[in-house]
Every structure is written in structure tokens, then in C-alpha cells.
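Chemist: here are the coordinates; sequence isn't available:
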């Protein structure tokens, strides 16, 4: 099995497929269009573009588009959220995940977005550290 580095283009492409195959994420965001950017402090980032619940893009940040949501955390925090050691809501409220974007939208779709954050760890061959 090949390894896939967290937030790499390969990770984002596979994550997009997982998002689309997960009813909680698709159905829970079916009225949303949003570009989500995941970041780690070392500068790595990936984007997921959601159109009416479907992830239509997963890959490197798109320079021509400003993300609607920016989520920044250390790799260790992302891993804890992905494995369920801490909840996505708790990580955001305690600023372990720095969140930029419309809070009301995120809160009203928290079950889908929380599931989306745990999907991060379900990418086959995931390697959390460099």
C-alpha cells in the first residue's frame, strides 16, 4: 500500500471521494456551496470544494478562489479529531483548530462538518507526519 501524506494532493483527492461516499456529509451539506481549506502551521494546505453537498474538487489550494472556511491546526490535533480522541466542536471551541468563516453556517451544519473532519483519518495509507 502506498503512503499518503496528510494534506497532500493525493490525500485531498481521496478525501473528496470519501466525502461523496458518506451520506452524513453529502446530505448534511446539500444546500451549501463552500470552499474549505485545511492547513497546518508548516504551510501545507489542501482545499475541498463542496457544491450542494457534493465534493467537486479536492487538491492544492486554488489561487483564484478565496476559501469560505479556513481550518488550521497542528497535525497532532488533526489526528486527535480524526480518531475521535477529541470532538471537532471541542477542538474549534478551545481554539485547537483555528476556525475562520461564517460560524452560524458551521454550527447549523455541525453533524456533517464534524463527520467531515473525522473522514480525514480514513484515507487509506495515511501518513500523518512528514
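Modeler: All right, it came through fine. No experiment lies behind these values; they were computed from the predicted model shown.
Chemist: center of the chain - which residue?
Modeler: Per C-alpha atoms, centre = their mean, the C-alpha nearest to the average position across the chain is that of residue 117, at 5.1 Å.
Chemist: just checking, what packs against the host helix or strand of that residue?
Modeler: Of the helices and strands defined by DSSP states H and E, residue 117 is found in helix 110-119. In terms of contacts (3 or more C-beta pairs under 8 Å, 6 or more residues apart in numbering; DSSP states H and E), helix 110-119 is packed against helix 9-21, helix 23-28, helix 75-82, helix 88-93. In this view, the C-beta of every residue, glycine as well, is placed from N, C-alpha and C.
Chemist: in that helix, what counts as buried?
Modeler: Under the neighbour-count criterion of 16 or more other C-beta atoms under 10 Å, helix 110-119 has 112-119 buried.
Chemist: what's around residue 50, how many residues?
Modeler: The local packing of residue 50 (other C-beta atoms under 10 Å) involves 26 other residues.
Chemist: gap between the nearest residue to residue 100 once chain neighbours are set aside and residue 8?
Modeler: Leaving out its chain neighbours, the residue that sits closest to residue 100 by C-beta to C-beta, 6 or more residues apart in numbering is residue 70, at 4.2 Å. Distance of residue 70 to residue 8, computed by C-beta to C-beta, to the nearest Å: 18 Å.
Chemist: for residue 18, same thing?
Modeler: According to C-beta to C-beta, residue 18 stands 15 Å off from residue 8.
Chemist: secondary structure element for the residue nearest to residue 57 when sequence neighbours are not counted?
Modeler: Of all residues not flanking residue 57 in the chain, residue 49 sits nearest, at 3.8 Å (C-beta to C-beta, 6+ apart). In this assignment (DSSP H and E), residue 49 forms part of strand 45-51.
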